[in-house]
Structure formats: structure tokens, C-alpha cells
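**Student:** Below are the sequence and a predicted model; questions follow.
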Amino acid sequence: MARVRKVRLDELEAPLVEPFETSFGVERRRRFLVVALEDDTGETGLGECVAARDPLYSGESVATARWMLQTYLIPRLLREELPTPEAFFAQARPLREHLMAKAAVEIALWDLHARRAGTSVARALGGTRSRVEVGVSVGIQPTVPQLVRRVGQYLDDGYRRIKVKVKPGWDREPVGALRREYPDLRLWADANQAYPPSAAREVAAWATEFQVEQLEQPFPERALSAHAEIARGAPFKVCLDESITSAEALDEALERHALTSLNVKPGRVGGLATGRAMGRRAAEAGFPAWVGGMLETGIGRSFNVALASTPPFVFPGDLSASDRYYREEFVDPAFELGPGSTLRVPTGRGLGVEVVERVYRKFLRRRREFRRSA
Ligand SMILES: [Mg+2]
């Protein structure tokens, strides 16, 4: 009978290559948790938690995820037999919300089970691609010329799809400038809920005028009607991100025609199995799904890339190369941008890449260990 015999809960903090600004605020350093599950054969599975220091993207934070993990999720793992990722998620269902905390464990279980089976997480998930197409997400910049220059650098690096963060007062002008400078650019815009539904007409006007391919989460999480309204007949896709926290939320949004594209972040939805199911649901509904990112290090990124290698994920993900976010890479080999704006899908056991201990320890701030009682 397989069991988890030890769980490590690490807190790390690493500086970002450059400040990342969205309509929520600016991040300069990223603080995050990593869960490591060790089974009784000494095999270890890792999961990076995407909850940030402050509860801005959602209600979760490093503090709430730590509390959820050490109060409920870890004690259960240490009491019972080793669950499959799906069984773990089902068992944790009565505990409401806290999807980022649950996802960290669910992902670590994918890693652990794949290692035990001698395969990669990508293969375990049913991945079929050896490379996945990716784009880059560009934060709000101090000035429009700086944005245009920054985007130019990413295009020079080889990225073919650019997503810019927008908010009231930082939209028509920067988006228009990019369109003028780069007439053929595959351009997406993400507002992270920053507009009131009353701004719909104005938002639709610049998105149409500057041929934005996809507009992401312009309105608040619960404003499904406003998203449905702007999606109706729009020449651009309307993508939901923050609104879609569960399979049920996706069903409701589909019923209300509130989206024509879906951003799947395993951390936001409770893990890889739910993420994969959502991708399939979007494909059935006839629109594209793609894998988003939450400033993960190479550890979390490897799982996102594995998910993106499965068939439903047909739009390029926000899964940039390692050097987009961190100067020192946490995994070896690092994720490098390859031909056609792609990243290679790791094929090694489990997450498929090795953690660079030196870098990991350098940014490790706090460690707690939990053991199964004999
Ligand atoms: Mg988004």
C-alpha cells in the first residue's frame, strides 16, 4: 500500500527580472510556496503554489494557502493511502475554495505518480505534442514608447504572440501604438477585470479598431452578462480567466455565452485534471483553450507546458521562456524559446526537468516538514 510518508512545505522569494504591472498592481518579487510529497520508496513529487503574497488576483495568498495546506490538506495525506490526483481533489471537495492550495498538492501528486510509473507528467496527462506554441504577457509599462520598445525586443527574441495588460487609461493609446508599429502582430489584451460593464462600448471600439485578436477578462469575475454582451458579434474573441474557477463555473459561462476562448491556469482551477477537463469542454463547445501562467518558476512552468501539450490547448499559452521572469532558473534544462515561438515539452520522469538545488536554496526562506506518525 503506497503512502506519503513526508511532506515538505517550502516558502521561497525570488526577484523578477523586471517589475510586472497589471491592473491589480505591481509585483517586483514573487513569494510562493512549494509542496514536496515523499512516498515510502523515497520518490518525491513537487507542486508550486501560485498564490501570491497578497490576495489581489483572487482571495488566496501565501498565508491562506499555507494555512489550508498545514491545517487540512497535508494532515489528510499523512493519514491515508496515496490518492490519485483526481481522488485527492474529490476528497478535498467539501473544503470550500482554496483552489490554489489544493492545486499545489494535486500537481505534486501528478509528479509523484508519473515518477512512480517511470513516465513524464506530459505523457501521463495524454500530451501529444513535443513542442508547444507560446506567447509573452507584457505588463503595463511606464510610457507608450517603452511598451513599443519592449514588445519589439520580445518579437526579436522570437515570440509571435503578444498579450498586453490593459486598464482604464492604459488601453486605446498603447494598443493603437502597437498596432501602428507592428501591423501584423498577433495581439491580445488582458484587463484582469479592470473595467465596469458600462465601459463595454468603449472597450469594444478600440479592440475592434486595432484588431485585437482576443480580449481577456475585461469585466469583474461575476459579470457574466457583460462578457456575454461584448462577445455577441464581436470580431475579437472574449476570453475568461478569473471568472472560471470550476467546471460548474465554466458550464454556467457557456450557457450564458459569456466566452469564446478560455484561459486555463491549473493553479486557479484546482489542478491539472480539472484544467484538462476544462480544455476538453471548451473544445467540445467549439472554441480555443490555452494555458495561462502566474509568474511560475520553471517548476510550475513545466506542469503548465505538460498540460499545454494535450490536444484541447490550441492557442499559444502564456508560457514564456525562463528568462522572461527570473534571472536565475530553478530548473535544468531551462525553458528556452525555440523555432516557431515554441517551448520543448519535457520528457524526463515526472515534471521532466531537474530542480537546481543551488538556486532553490538561495531563495528558500522557510521550510516545514510533516511526517506520518508511525
Ligand atoms: Mg488573465
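**Tutor:** All right, it came through fine.
**Student:** Identify the residues contacting Leu364.
**Tutor:** 10-12 (C-beta atoms under 8 Å, 6 or more residues apart in numbering). The way it works is simple: take the backbone N, C-alpha and C, and place the C-beta from them, glycine included.
**Student:** what do you get for Leu178?
**Tutor:** When contacts are counted by C-beta under 8 Å, 6+ apart, Leu178 touches 147-148, 151, 162, 164, 185, 187, 210.
**Student:** Out of the contacts of Leu364, name the ones that lie in strands.
**Tutor:** Those of the contacts of Leu364 mapping onto strands are 10-12, per DSSP state E.
**Student:** So which of those residues reach the ion?
**Tutor:** Among those, proximity to the ion is found for none (C-beta under 5 Å from the ion).
**Student:** looking at those, which has the most residues close by?
**Tutor:** Of all those, Leu12 has the most neighbours under the rule other C-beta atoms under 10 Å, reaching 23 neighbours.
**Student:** out of the contacts of Leu178, which are inside strands?
**Tutor:** Per DSSP E, the contacts of Leu178 map to strands at 162, 164, 187.
**Student:** before we move on, back to that, ok, the contacts of Leu178 vs Ser58, which is closest?
**Tutor:** Val164 (21.7 Å; C-beta to C-beta).
**Student:** That closest one touches Gly135, doesn't it?
**Tutor:** No - using C-beta atoms under 8 Å, Val164 is not in contact with Gly135; the gap is 10.8 Å.
**Student:** Need the overlap of contacts for these two.
**Tutor:** The contact sets of Val164 and Gly135 overlap at Trp188 (C-beta under 8 Å, 6+ apart).
**Student:** interface residues of the protein facing the ion?
**Tutor:** Residues of the chain lying near the ion by C-beta under 5 Å from the ion: 190, 216, 241.
**Student:** and which of those is nearest to Pro75?
**Tutor:** Pro75 lies nearest to Asp241 out of these, by C-beta to C-beta, at 31.8 Å.
**Student:** list the contacts for the residue in the stretch 151-300 of the chain that the ion sits nearest to?
**Tutor:** The nearest approach of the stretch 151-300 of the chain to the ion comes at Asp241, 3.7 Å away (C-beta to the ion). Applying C-beta under 8 Å, 6+ apart to Asp241 gives the contacts 190, 192, 216-217, 263, 265, 268, 292.
**Student:** Could you list the domains of the chain?
**Tutor:** Split into domains by automatic domain parsing, the chain comes to 4-118+354-371, 123-344.
**Student:** my read: Ser322 touches Gly300, true?
**Tutor:** No - counting by C-beta under 8 Å, Ser322 sits too far from Gly300 to count as a contact (11.4 Å).
**Student:** Of those two, which one has the most company?
**Tutor:** Counted by other C-beta under 10 Å, Ser322 and Gly300 do not tie: Gly300 has more neighbours, with 28 against 21.
**Student:** I'd say the more buried one and Leu46 touch.
**Tutor:** No - assessed by C-beta under 8 Å, Gly300 is found out of contact with Leu46, at 9.1 Å.
**Student:** coming back round to it: now the ones in strands among the contacts of Leu178 in JSON lines, with neighbour count and pLDDT?
**Tutor:** Shown next, in JSON lines, are the ones in strands among the contacts of Leu178 (neighbours: other C-beta atoms under 10 Å; pLDDT from 0 to 100):
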{"residue": "Ile162", "neighbour count": "21", "pLDDT": "96"}
{"residue": "Val164", "neighbour count": "23", "pLDDT": "97"}
{"residue": "Leu187", "neighbour count": "22", "pLDDT": "98"}
